[in-house]
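K.L.:
Fold the following and give me the result.
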Amino acid sequence: MSEIPFSDTKSIIHHYDPEVGIGNAYKFWADWPQAIKAILFGWERTLDHPAQFHYALDFDGTHLNDAINRTTFTMFGELGIKEGHILDAGCGIGGASLLLAGKYPKVRFTSVTLSEGQIEMARRRALKNGVSNVDYLVANYLKLPFSNKEFDGILGIETFCYVPDDKKLELLKGMHRVLKPKGRLAVFDAYIADKPDNEMYMSKLHTKVFRGWNLPDPISTEFNFLKCAGKAGFKIIKNKDVTERILECSAEIVPRVKFLRRFTPLANILIYLKKRNVGIPILSNIGLDDKAIFHFADTAELQYDMFKSGDTEFRIIVLEK
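P.N.:
This next block holds a predicted model:
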């Protein structure tokens with residue numbers, strides 16, 4: 001099996017496309033009723049699916065949806081505002097901004113991502129949900145198409161880890177430019193721990209893990225991210241290690257993917273058929289017809305050990321202009 005290139009724009013877009021990529025596999029990241037409903041009927045007909053991200057704070061082992069939604073509200077709360085204009089940088093299919101827009105009608109949300117497929121799906125979900133105070137745009141947040149001082153706050157939820165270290169300063173300068181004075185950038189993301197490579201318990205598996213989610217190898221350290229933030233002109237308001245608080249959610253991913261592994265023979269057949277332009281829609285809705293599904297499964301099974309060992313951290317970082 002050929003290796004999947006990681007951290008390049010084209011492969012990231014394909015990876016998360018809700019129509020053709022293995023972004024469909026993220027339907028499993030919800031309570032089981034919503035996960036099954038999304039697989040059978042699609043994202044746009046499952047508006048109670050959180051459709052947001054991998055990790056959630058303080059998952060109690062019962063309702064994953066609630067934990068994901070609480071985490072979204074927690075991160076929005078870090079911005080300290082109840083009205084104004086908010087940028088959701090790297091919005092995916094718009095799960096977080098759709099939830100927030102429904103709760104905060106006085107806030108206007110602008111959500112951007114690289115994938116046209118994700119944006120189209122986000123727009124359909126917003127329309128079906130009757131939410132009008134959110135706009136979804138195809139845009140690269142390294143080159144934001146917005147004027148200076150346009151936003152009161154910015155959310156970066158599980159997204160800036162996709163930016164290589166040599167682009168982090170460019171990223172943060174752009175975020176600083178579009179923020180109003182005293183505006184905040186709230187980041188919920190993973191970082192490689194600041195310790196020598198020879199002490200890294202899982203070092204030999206990092207590349208395998210990062211490839212599965214199309215991340216740079218390695219992802220940033222907290223130190224480098226904050227150093228770039230300072231150079232960009234930001235003040236650090238909060239820097240909190242929340243790794244322990246996402247471990248239960250991280251552990252929940254593993255058995256779900258082990259269940260998905262049972263369909264490996266079927267996946268191989270679907271991948272073969274797809275090469276010959278033959279598809280089975282209901283099975284494609286799980287992402288089983290893309291060879292990247294195997295890298296995805298590797299990542300999902302190994303990521304818990306990386307967090308548990310201390311090799312990788314999850315942090316809430318809040319920056320202010």
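K.L.:
Can you pull out the low-pLDDT segments for the stretch 201-321 of the chain?
P.N.:
Within the stretch 201-321 of the chain, the ranges that satisfy pLDDT under 70 run 201-205.
K.L.:
can you rerun that using 80?
P.N.:
Residue ranges of the stretch 201-321 of the chain with pLDDT under 80: 201-214, 217-218, 279-285.
K.L.:
How far does stretch 301-320 sit from its chain's centre?
P.N.:
14 Å (Cα atoms, centre = their mean, to the nearest Å).
K.L.:
Show me which residues of that stretch are buried.
P.N.:
When burial is assessed from 16 or more other Cβ atoms under 10 Å, stretch 301-320 yields the following buried residues: 301-308, 311-320. C-beta coordinates here come from the backbone N, C-alpha and C atoms, glycine included.
K.L.:
Also stretch 236-244?
P.N.:
By 16+ other Cβ under 10 Å, the buried positions in stretch 236-244 come out as 242, 243.
K.L.:
got the contact list for that stretch?
P.N.:
Contacts with stretch 236-244, where a contact means Cβ atoms under 8 Å, 6 or more residues apart in numbering, come from 57, 78, 184, 222, 226, 229-230, 307, 310, 312-320.
K.L.:
so of the buried residues of stretch 301-320, which ones are in helices?
P.N.:
Among the buried residues of stretch 301-320, the members falling in helices (DSSP state H) are 301, 302, 303, 304, 305, 306, 307, 308.
K.L.:
Which of the residues you listed sits closest to residue 117?
P.N.:
Each of these was scored against residue 117 by Cβ to Cβ, and residue 303 proved nearest at 24.6 Å.
K.L.:
thought that closest one was touching residue 209?
P.N.:
Yes. Under the criterion of Cβ atoms under 8 Å, residue 303 makes contact with residue 209 at 5.9 Å.
K.L.:
Could you say which helix or strand holds the residue nearest to residue 135 when sequence neighbours are not counted?
P.N.:
In space, not counting the residues next to it along the chain, residue 135 is nearest to residue 110; the distance is 5.0 Å by Cβ to Cβ, 6 or more residues apart in numbering. When elements are assigned from DSSP states H and E, residue 110 belongs to strand 107-113.
K.L.:
Adjacent strands (with direction) for that strand?
P.N.:
Using DSSP bridges, the strands paired with strand 107-113 are strand 84-89 (parallel), strand 134-138 (parallel).
K.L.:
For it, C-alpha coordinates in PDB please.
P.N.:
The C-alpha coordinates for strand 107-113 follow below in PDB (Å, rounded to 0.1, in the frame of the first residue of the first chain):
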ATOM      1  CA  VAL A 107     -23.200  37.000  17.100                       C
ATOM      2  CA  ARG A 108     -22.400  36.800  13.400                       C
ATOM      3  CA  PHE A 109     -20.100  33.800  12.600                       C
ATOM      4  CA  THR A 110     -17.900  33.600   9.500                       C
ATOM      5  CA  SER A 111     -16.500  30.100   9.100                       C
ATOM      6  CA  VAL A 112     -13.700  29.100   6.700                       C
ATOM      7  CA  THR A 113     -12.100  25.900   5.500                       C
END
